[in-house]
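>>> Structure, please.
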Amino acid sequence: MYRVEVNMVQAEMMLNHGDVRLVDLIPQTGISYPQLNRDIAELPRNIPSPAQDAARVCILDSGINTNHPLLRAAMGESQSFVRGQDEFDEAGHGTAVAGIALYGDVEACERSNFWRPEFWLYNGKVMRKCLQTHNAVYDEHTVEATLTEAVEHFVELGCRIFNLSLGNTNAPYDGTHIRGLAYILDVLARKHNVLFVVSTGNFRGSEDPLVPINSWREEYPEYLLHEQSVIIDPAPALNVLTVGSFARHNATYDSQRYPEIHQLSPASESQPSPFTRHGPSVKGALKPELIAPGGNLACPMHQAGDQWKADMRGLGVLTLNHQFQGNTIFKEISGTSFSAPYITHLAGRLLNEYPEASANLLRAMLVNHASLPNEIESTFSDDLKEAYKANKATWQRDMSRDVGGYGQVSESDLFRSSDHCVVLMCEEAIEKDSCQFYELPLPASYLRRTKGIRELSVTLAYSPAVRTTRLDYLATQISYRLVKGESLEAVQKFFNHDNQDEAKTRNDDATLNRDISAQLRSRGTVQSSRWTFKQRNPAEKWFVVVTRQDKEWNHPDVLDKEPYALVVTVADRDNERAQLYTEIQATIAQQVQAREQVRQEARQQVKV
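The predicted structure follows:
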């Protein structure tokens, strides 16, 4: 079976080829009526509550209808921060977000009818229902104070993760200073050591200038990189995780029921959602960092006077209906608002596994296990990519990364190591203008000369102090390099000799094997690259070198030792006999023993 993209002439040739038995379109999928109309009596009667000491995740949104049968077992406290409003959800947005945050892939849960909340949900109402549009909205004049009050309230209750699926379409990122909610979140994330997960915001088309001009479908994906579809406040924030959206389905209700109806979507499965927004953030930092399912649309042509004339029924993600009494308990909906809580769900489960983890470690873990799907890369033609490189403003950038960031998180190795994939992590603090060195415990079997694909992923995350009045938004720059050296002493000698000048700092080794350059990743506060090796030398040694440089201006909140998290994943999936976990354990033990021996010898020399 082959998956090919052809024009009409090529299709005719294939149909008439003697060796071709069947030519068919890619199967289409969509949210169906049976999925939405599940009888409430079919749900398990006693959905268990999370463990008492489970993670606490806060949804800052339009409120949550906490008596929903799939939510009530996991609900913690609720509080409204909107004057004159209770904590319940009239708009439906917050309940829909909460369902995905709690269960992740609600479609998979619905298929198996298995519902098991793993952490506690807390409900902070910061938006209300607009009487004209019926959408969830917030007061631009008071939202910064409202969010600050809400975050500090729920931090006191033990919440470590906050989902904010909101955005200000009147505040697109202009490429210079970070202001507004983004700045507030950067300050709060550092102050309280909490993780914020935010959405890129939805692009609904532009009237001035007209984008798209005629057709969402025909002009996809070019308009995804248009200046009108840039990320909106608070998505540019650097100490948070920003999430974009990709499509999971491409068949509307009508085309599912009536095959002769062709309501074609711009995006195919796993391609960027037609409404997702693009980065970068300040000084070219990758934004969004991650992508998750958020829906699709079918919209054949531009409608005069109505840019957003789309059919989205059946193309969204499945989640919970806030008006479930006398109605269906599920609904389907599209938007980047519903890709963000999928990442929030994974973060909550990670915090259960590592209760002492900092927000930096959670960010590093999630990004470390992300990769850009081939479908995202192939969305953009070679001609488009060449035009992007030819543009003075974007010649150093990657079109796919500006839309998809580091990509989609793989759950397979996120929560625990195996014989084929081992995750190493640490949390440290580093002094100004200094370096720290880590020798990677790579066993000889991993560095073997025989051919076989092996992967090495390195991710660093930190949350620096920020100042919005400066062009240099970050007070501190922490970054890393992956280098090969004869010994720790040799590597230390080079970096200690010249770590002051960024222009002279040693680059990564094996740059041809790397997916993201050191220069591109270093612009953000979560930085990741993946190396792919086919042959190595068992005698070689690999090191991660972490460096810190501070700006010349002084910030009162900058610490003598700035904390950061480092995550390294070592994968050897093609090796059927891999015993990575055991071998890395043994290698670490040998390294510890060797260091202790050096220390003892040094002490003896001092005594002599």
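
>>> what's the burial count for residue 563?
Using other Cβ atoms under 10 Å, residue 563 has 18 other residues around it. Heads up, the C-betas are built off the backbone N, CA and C, glycines and all.

>>> Am I right that it is in a strand?
Yes. Residue 563 sits within a strand when classified using DSSP: H, G, I helix; E, B strand; the rest coil.

>>> now could you export just the CA positions of stretch 124-144 as CSV?
Below are the C-alpha coordinates for stretch 124-144, written out as CSV (Å, rounded to 0.1, in the frame of the first residue of the first chain):
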residue,chain,number,x,y,z
GLY,A,124,-11.1,29.5,38.8
LYS,A,125,-13.7,31.6,36.9
VAL,A,126,-12.0,34.6,35.2
MET,A,127,-14.2,34.9,32.1
ARG,A,128,-17.9,35.4,31.5
LYS,A,129,-20.4,34.7,28.7
CYS,A,130,-20.8,37.5,26.2
LEU,A,131,-24.5,38.3,25.8
GLN,A,132,-24.1,39.1,22.1
THR,A,133,-21.8,36.3,20.8
HIS,A,134,-22.3,33.8,23.7
ASN,A,135,-18.5,33.3,23.7
ALA,A,136,-16.3,33.4,26.8
VAL,A,137,-14.8,36.8,27.2
TYR,A,138,-12.8,38.8,29.8
ASP,A,139,-12.4,42.4,30.8
GLU,A,140,-9.2,43.7,29.2
HIS,A,141,-8.9,46.5,31.7
THR,A,142,-9.0,44.3,34.8
VAL,A,143,-7.8,40.8,33.6
GLU,A,144,-4.2,41.3,34.7
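
>>> Other residues contacting that stretch?
Stretch 124-144 has contacts (Cβ atoms under 8 Å, 6 or more residues apart in numbering) with 58-63, 78-82, 85-94, 146-147, 150, 153-154, 166, 168, 170, 180-181, 184.

>>> Which ones among those lie within helices?
Of the positions in the contacts of stretch 124-144, 93-94, 146-147, 150, 153-154, 180-181, 184 sit in helices, assigned by DSSP state H.

>>> rewinding a little: any of the contacts of stretch 124-144 buried? List them.
Neighbour-count burial within the contacts of stretch 124-144 applies to 58-63, 78-82, 87-94, 146-147, 150, 153-154, 166, 168, 180-181, 184; the criterion is 16 or more other Cβ atoms under 10 Å.

>>> of the ones in helices among the contacts of stretch 124-144, closest to residue 192?
Of all those, residue 154 has the smallest distance to residue 192: 9.7 Å, by Cβ to Cβ.

>>> The closest one and residue 122 touch, don't they?
Yes. Using Cβ atoms under 8 Å, residue 154 is in contact with residue 122, at 5.5 Å.

>>> Next secondary structure after the strand or helix carrying residue 459?
According to DSSP states H and E, residue 459 maps onto strand 454-461. Downstream of strand 454-461, the next assigned helix or strand under DSSP H and E is strand 476-485.

>>> Go through stretch 399-412 and flag the buried ones.
399-409.

>>> go on, stretch 197-206?
For stretch 197-206, burial by neighbour count (16+ other Cβ under 10 Å) applies to 197-203, 205.

>>> Most widely separated two among the residues you listed?
197 and 205 (26.0 Å).

>>> Tell me where the stretch 201-350 of the chain has helices.
253-257, 340-353 (DSSP state H, counting those that start in this stretch).

>>> Where among the ones you listed is average confidence lowest?
When those are ranked by mean pLDDT, helix 253-257 comes last with a mean of 71.

>>> Packing partners of it?
Taking 3 or more Cβ pairs under 8 Å, 6 or more residues apart in numbering; DSSP states H and E as the contact definition, helix 253-257 has no neighbouring helices or strands.

>>> For the stretch 501-608 of the chain, just list every one of the strands.
526-533, 541-550, 561-571 (DSSP state E, counting those that start in this stretch).

>>> Can you say which of those is nearest to residue 594?
Closest to residue 594 of these is strand 541-550 (Cβ to Cβ; 12.1 Å).

>>> in the protein, what spans have low per-residue confidence?
24-27, 253, 259-262, 300-312, 470, 497-505, 606-608 (pLDDT under 70).

>>> Burial check on residue 219, number of neighbours?
Residues within reach of residue 219, counting by other Cβ under 10 Å, total 17.

>>> That one is in contact with residue 212, isn't it?
Yes. Counting by Cβ under 8 Å, residue 219 touches residue 212, with 3.9 Å between them.

>>> Go ahead and flag the most central residue of the protein.
residue 290 (2.3 Å; Cα atoms, centre = their mean).

>>> my guess is residue 370 contacts residue 530, does it?
No. With contacts defined as Cβ under 8 Å, residue 370 does not count as touching residue 530, sitting 9.3 Å away.

>>> picking that back up, joint contacts of residue 154 and residue 122?
Residues touching both residue 154 and residue 122 (Cβ under 8 Å, 6+ apart) are 56, 58.

>>> Residue 370 and residue 530: which is more packed in?
Ranked by neighbour count (other Cβ under 10 Å), residue 370 and residue 530 place residue 370 first, with 24 against 21.

>>> how close does that one get to residue 588?
Going from residue 370 to residue 588 by Cβ to Cβ, to the nearest Å gives 26 Å.

>>> in the lengthiest helix in the chain, what counts as buried?
Of all the segments assigned as helix in the chain under DSSP H, the longest by residue count is helix 580-607. Going by neighbour count (16+ other Cβ under 10 Å), the buried part of helix 580-607 is 580-581, 583-584, 587.

>>> Quick one: list the elements packing against it.
Counting contacts by 3+ Cβ pairs under 8 Å, 6+ apart, helix 580-607 packs against strand 421-431.

>>> Contacts only, for the residue nearest to residue 586 when sequence neighbours are not counted.
Counting by Cβ to Cβ, 6 or more residues apart in numbering, residue 586 lies nearest to residue 443, which is 7.5 Å off, once chain neighbours are set aside. Contact analysis of residue 443 by Cβ under 8 Å, 6+ apart lists 580, 583-584, 586-587.

>>> Next, work out how far apart residue 443 and residue 457 are.
Residue 443 is 17 Å from residue 457, by Cβ to Cβ.

>>> Please apply the same query to residue 138.
Per Cβ to Cβ, residue 138 is found 37 Å from residue 457.

>>> just the helices in the stretch 1-150 of the chain please.
Assigned by DSSP H, counting those that start in this stretch, the helices in the stretch 1-150 of the chain fall at 8-15, 33-36, 93-103, 106-112, 143-156.

>>> Give me the neighbour count for residue 468.
When neighbours are counted by other Cβ under 10 Å, residue 468 registers 15.

>>> which ones are touching the residue nearest to it when sequence neighbours are not counted?
Leaving out its chain neighbours, the residue that sits closest to residue 468 by Cβ to Cβ, 6+ apart is residue 183, at 4.8 Å. Residues near residue 183 by Cβ under 8 Å, 6+ apart: 237, 466, 468.

>>> Try it again at 10 Å.
Residue 183 makes contact with 144, 177, 233-234, 236-238, 466-468, 473 under the criterion Cβ atoms under 10 Å, 6 or more residues apart in numbering.

>>> now swap in residue 228 and tell me
172, 203, 205-212, 277.

>>> Could you pick out the buried ones from the residues you listed?
Of the contacts of residue 228, these count as buried by 16+ other Cβ under 10 Å: 172, 203, 205, 211-212, 277.

>>> Farthest pair within the residues you listed?
Farthest apart among those by Cβ to Cβ are 172 and 212. That separation is 17.1 Å.
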